[in-house]
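**Q** Next input, structure requested:
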Amino acid sequence: MSDAIVSDGIDPMTYALPAPMAAAVEASLADWQTHDKAHRLWRGDPSLWSGHDEGQWLGWLGIADGELADVPRFARIAEITSSGAFSDVVLLGMGGSSLGPEVMRETFGKVPGFPELHVLDSTDPAQVKAIEERVDLARTLFIVSSKSGSTLEPNIFEHYFFDRVAQTVGAKEAGRHFVAITDPRSHMEDVAEDEGFRRVYFGRPSIGGRYSALSDFGLMPAAAMGVDIPQFLDRTEVMINACKPTVPVDENPGVVLGNVLGVAAKSFGRDKVTILASPAIASLGAWLEQLIAESTGKEGKGLIPIDREPVERLDVYGGDRLFVYLRLESDPDQAHDEFATALERAGQPVVRVLLDDRYDLGQELFRWEIATAVAGSILGIHPFNQPDVEASKTATRKLTAAYEESGALPAETPFFSAGGVSLFTDRANQAALTGALAGPPTLATYLAAHLNRLRPGDYFALLAYIEMSDAHASTLTEIRARVLTAKHVATCLEFGPRFLHSTGQAYKGGPNTGVFIQITCDDAADLQVPGQRYTFGVVKAAQARGDFDVLAQRGRRVLRVHLGGDLDAGLRTLQTAMFQALAAAAPAGDVTTSS
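**A** Predicted coordinates for the structure are as follows:
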């Protein structure tokens, strides 16, 4: 059954759902209308969710009006960056502070007359060094972005690059190369004042990080790279008005999408939100990953976003999927057009969202924020907190503190090593793997035992704490494609530590349906964090270990593969062993698409 949502000034959203699901969505929308739930959302009624503090986190609902009221400040930073003094702008952030600017960077590209925007959101030393080597430090403006001002990664990025800029232009001039975006009275505000930053821009405490893309956290970097912010916000305001509670719920783009997402997951087990996108807006998927996963993945519930998964034959997709196709009208994509149509004909539920051009991006940011809040209500969870992200941060802090005291991370011993690759896990997972070995213990047989733990409705995730390069992504994408076709389960590929502030919440707090392989390595070259005993490599290792420990504590099926010091050779070894493990694998289970 197909339906469409059409609003003035907004391109239509259509959805084709199996008849039972369509009927359930219609009933849910009727319930939202009868019980005035859209008004309750906009009023911040916490009883719509878990009854806690949800009403304190809805500042994003009126954000466009607030930003439009002070447009000149966006023009001022654009004047600075277009003056010729800066050839590059580098955004230093994590999670909600980095993913919004990354979407802007990837979608709009380099704007003529403005510097190129780069985004650093990884503690991998090779990644940090690659950013440093890509820019002229004497002609680069750094934007340090952190809502709390106490997040580990932006702070050590700032320490490193402030030190490097001071060495390049002198300590007195270094502050002129930095601006900060942070909430009022944060630690980062104090740092900016002490070090003479050019400017501090303030966020709103009532807006959580992943809902901040339409605030200064997303818009100030966009203005610095040359995006027309008034035009962007004017377009966005059309969507905001279409999502207001005065609009009937069955015509409200955000409320309808949220009902489709929530009902599909809660009543039909279709919790793998599989994102298809036109190439020019493909980066929107990473932002959606954080918004969806970190908001809904808790209390054993949630939506698992599946981004950039290779397109394969139809019979590998199970009955746990909801497909969302983000189509840019100005960037036709025949392959995805045909695939979406084939999915609909096969009985899979498909939502199609059309964007006319790149400046419609802000409309989608707001539509999905509303939809995620609505889906959270249907699932009965708090969509604005992230308890398991905090658990991972705590584990990391303990490990870095131990390193500061002793000069080493706690010793660990692999349960298997061969060819420069070592395997680690906790006792419960090791016992399960050892008991399921089919043949002599080898890397391939251990991997096969781990992959055979996949069951119908599960998903598989590669969590790679290595440099996020095109070559590494290509190798790991080949692995996830082979898992998809062999095991018929949804697959994820994430690079650490950036995903810790994103999908990491759902992996730890959402449904226990993930089978994880964490990938780590010894860094070929490391970088010291100024003023600290530890290095970037130590921080990354502590983050990986902390992540692993929390996954294991939550009873997740997780295996760590350590590739040693030769990363490229280790990846080739892992890929070969994975292909061997999957060669004779049976699918994880039924892949019917009935609802």
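
**Q** Which residue, other than its chain neighbours, is closest to Asp549?
**A** Excluding the flanking residues, the one nearest Asp549 by C-beta to C-beta, 6 or more residues apart in numbering is Ala395, at 5.2 Å. Quick note: C-beta positions are derived from backbone N, CA and C, even for glycine.

**Q** scratch that, Leu355 is what I was asking about
**A** Per C-beta to C-beta, 6+ apart, closest to Leu355 is Leu328, 5.0 Å.

**Q** Looking at that neighbour now. What's its pLDDT?
**A** We have a pLDDT of 95 for Leu328.

**Q** again with Ile63
**A** For Ile63, pLDDT reads 84.

**Q** Please report how far the residue nearest to Leu355 lies from Met13.
**A** According to C-beta to C-beta, to the nearest Å, Leu328 stands 14 Å off from Met13.

**Q** And the closest residue to Leu137 other than its chain neighbours, how far from Pro279?
**A** Excluding the flanking residues, the one nearest Leu137 by C-beta to C-beta, 6+ apart is Thr168, at 4.5 Å. As for Thr168, its distance to Pro279 is 37 Å (criterion: C-beta to C-beta).

**Q** Settle it for me: which of those two has more neighbours?
**A** With neighbours defined as other C-beta atoms under 10 Å, Thr168 and Pro279 compare such that Thr168 has more, 15 against 12.

**Q** The more buried one touches Arg139, doesn't it?
**A** No - contact criterion C-beta atoms under 8 Å: Thr168 and Arg139 do not qualify, at 9.8 Å.

**Q** that older thread, for the residue nearest to Asp549, which residues are in contact?
**A** Ala395 sits next to 545-547, 549-550 when contact means C-beta atoms under 8 Å, 6 or more residues apart in numbering.

**Q** Which of those residues has the largest number of neighbours?
**A** Counting by other C-beta under 10 Å, top hit in the contacts of Ala395: Asp547 with 27 neighbours.

**Q** What does the pLDDT read for that one?
**A** At Asp547, the pLDDT recorded in the model is 96.

**Q** Would you verify that the residue nearest to Leu137 is located in a helix?
**A** Yes - counting by DSSP: H, G, I helix; E, B strand; the rest coil, Thr168 is found in a helix.

**Q** if I look at it, how far off is Gly570?
**A** Distance, Thr168 to Gly570, by C-beta to C-beta: 35 Å.

**Q** With distance to Asp53 as extra columns, can I get the contacts of Ala395 in JSON lines?
**A** Rendered in JSON lines, the data for the contacts of Ala395 read as follows (distance: C-beta to C-beta, whole Å):
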{"residue": "Arg545", "distance to Asp53": "32"}
{"residue": "Gly546", "distance to Asp53": "26"}
{"residue": "Asp547", "distance to Asp53": "27"}
{"residue": "Asp549", "distance to Asp53": "28"}
{"residue": "Val550", "distance to Asp53": "23"}
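
**Q** if you look at those residues, which of them are in helices?
**A** Under the assignment DSSP state H, the contacts of Ala395 contribute 545-547, 549-550 to helices.

**Q** wait, which of these is closest to Cys492?
**A** Nearest to Cys492 out of those is Asp547 (C-beta to C-beta; 14.1 Å).

**Q** How about that closest one: what's its closest non-neighbour residue?
**A** Asp547's closest residue in space is Ser392 (C-beta to C-beta, 6+ apart), at 5.4 Å.

**Q** can you dump the C-alpha coordinates of the one helix or strand that neighbour maps to into CSV?
**A** Element membership of Ser392, judged by DSSP states H and E, is helix 387-406. C-alpha atoms of helix 387-406 as CSV (Å, rounded to 0.1, in the frame of the first residue of the first chain):
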residue,chain,number,x,y,z
PRO,A,387,23.4,6.6,29.2
ASP,A,388,25.6,4.0,27.5
VAL,A,389,27.7,6.6,25.8
GLU,A,390,28.5,8.0,29.3
ALA,A,391,29.4,4.4,30.4
SER,A,392,32.0,4.1,27.6
LYS,A,393,33.4,7.5,28.5
THR,A,394,33.8,6.5,32.1
ALA,A,395,35.6,3.3,31.1
THR,A,396,38.0,5.3,28.9
ARG,A,397,38.7,7.8,31.7
LYS,A,398,39.7,5.0,34.1
LEU,A,399,42.2,3.6,31.5
THR,A,400,43.8,7.0,30.6
ALA,A,401,44.1,7.7,34.4
ALA,A,402,45.8,4.4,34.9
TYR,A,403,48.2,5.3,32.1
GLU,A,404,49.0,8.7,33.6
GLU,A,405,49.9,7.0,36.9
SER,A,406,51.9,4.0,35.6
